[in-house]
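> Structure for the following, please:
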Amino acid sequence: MGWKTLDDMDLAGKRVLTRVDINVPVKDGKVTDATRIERIVPTIRDILGRGGKPILIAHFGRPKGKVVLEMSLRVTLPALEKALGASVAFIETLEAAEAMTDEQAGADVLLLENIRFHPGEEANDPAFAARLAKLGDVYCNDAFSAAHRAHASTEGLAHLLPACAGRLMQAELEALEAALGNPARPVMAVVGGAKVSTKLDLLGNLVGKVDMLVIGGGMANTFLAAQGIDVGKSLCEHDMAGTAREIMAKATTAGCEIILPEDVVVAREFAAGAPSETVPATECPVDAMILDAGPLSVARIATALEAAKTLIWNGPLGAFEIAPFDAATNAAAQKAAALTRAGSLVSVAGGGDTVAALNQAGAAEDFTYISTAGGAFLEWMEGKTLPGVAALES
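Prediction:
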């Protein structure tokens, strides 16, 4: 890891341009979930404790380089001040930031207006990045969730100022390094979700890096169908059968065991309380659809988890949104949580559905690390270079 942390920086009396992700949900002018704000608190407090002045740079929504009042970051101020226990001054324009008032300069923390109001941000315009750089003395990136974007505030700034990772970014990168960079083996991955087509790069990368790969959700149906198994009316990408066979062949060559459902839970409709039955994976009725993995499959996954030292999880094993089709996801997640709690497993998970599923299973608290970064987490799992991380290493 060639990037620096806050521990490597002299911040006393310095203005610290701090890229954060506070793109939080808002309703009726109030923040409804402050999780992302709460996760940046250690970085901000650390900068303050080291004598620095944090100048927060963030985006909110997709205004596409124009001022959209409904996407102003001003709405986050009360939640920010509450979480930080400090005064936060809101700076409406870059011109105002360049000619700061005494009152603004006296605040503990400064928050710049939505950086995506400027077309130079998403274009990673060098002149715009240079203008931003003049506002600070040090650059700190604490927004891993935006690290897959080569924007002025995520990539350009890192080349213009002494740069480091914030505490949240540091924790994320260390967790990912432990999971795929230099993991304890055997390594197991759980990949679920609806479609193989959306996770082709992910599966192709993982079979060359992990020892066991559990495929669940609608994706598993495509792999079953690729082996000539009738999956009835299940969600299935029949046109991806050839690709599924290629991935299985690549896994065999790489020595990666692919674990597919042995038994499945089927129903005639996808509805809460719909009559369901468990059948062997090879015997799905022609008028039914597979909505979850069965108990034999869960037992097989549990055995694999017991053998594993590292787990990477992305996506549910079934249609977890509706009971009883959440049973396999819940059971596997709870098993992984128990092994992590016992100290025998390093477990890293990420992706929107994944976080929701693990929370629903009551397992999230015990995982080693849960990433709230959707796109960045997936691109990292796919083996892609993240511009925001690469810039910190240069």
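> Pretty sure residue 60 sits in a helix.
No - assignment of residue 60 by DSSP: H, G, I helix; E, B strand; the rest coil gives coil, placing it outside any helix.
> Residue 69 is in contact with that one, correct?
No - if you go by CB atoms under 8 Å, residue 60 and residue 69 don't touch, sitting 11.3 Å apart. Quick note: C-beta positions are derived from backbone N, CA and C, even for glycine.
> neighbour count winner among these two?
residue 60 (23 against 9; other CB atoms under 10 Å).
> any idea of the pLDDT on that one?
We have a pLDDT of 96 for residue 60.
> try residue 1
Value listed for residue 1 in the pLDDT field: 59.
> Surely residue 363 is in contact with residue 333?
Yes - contact criterion CB under 8 Å: residue 363 and residue 333 qualify, at 3.9 Å.
> Between those two, which is the more surrounded one?
Ranked by neighbour count (other CB under 10 Å), residue 363 and residue 333 place residue 333 first, with 29 against 26.
> where does the more buried one land in three-state SS?
Following three-state DSSP, the label given to residue 333 is helix.
> Ok, residue 213 next?
Secondary structure state of residue 213, per three-state DSSP, is strand.
> Ok, the one 10 residues further on next?
Secondary structure, three-state DSSP: residue 223 is helix.
> State the distance from it to residue 254.
16 Å (CB to CB, to the nearest Å).
> before we move on, what about residue 141?
For residue 141, the distance to residue 254 - CB to CB - is 33 Å.
> what about those two, which has more around it?
Counted by other CB under 10 Å, residue 141 and residue 254 do not tie: residue 141 has more neighbours, with 30 against 14.
> contacting residues around residue 370?
Going by CB atoms under 8 Å, 6 or more residues apart in numbering, residue 370 touches 348-350, 354-355, 358, 364.
> switch the cut-off to 10 Å
175, 313, 347-351, 354-355, 358-359, 363-364, 377 (CB atoms under 10 Å, 6 or more residues apart in numbering).
> what about the strands in the stretch 201-350 of the chain?
212-215, 257-259, 263-267, 276-280, 289-293, 310-314, 346-350 (DSSP state E, counting those that start in this stretch).
> Indicate which one of those is closest to residue 26.
strand 346-350 (23.4 Å; CB to CB).
> Partner strands of the closest one and their direction?
strand 310-314 (parallel), strand 369-371 (parallel) (DSSP bridges).
> how far out from the middle of the chain is it?
Distance, stretch centre to chain centre, for strand 346-350: 10 Å (CA atoms, centre = their mean, to the nearest Å).
> That one: what's the following helix or strand?
Counting by DSSP states H and E, the next helix or strand C-terminal to strand 346-350 is helix 352-360.
> Quick check: closest non-adjacent residue to residue 265.
Closest residue to residue 265 apart from its sequence neighbours, by CB to CB, 6 or more residues apart in numbering: residue 292 at 4.0 Å.
> ditto for residue 248
residue 258 (5.9 Å).
> Then residue 237?
Closest to residue 237 by CB to CB, 6+ apart is residue 222, at 4.8 Å.
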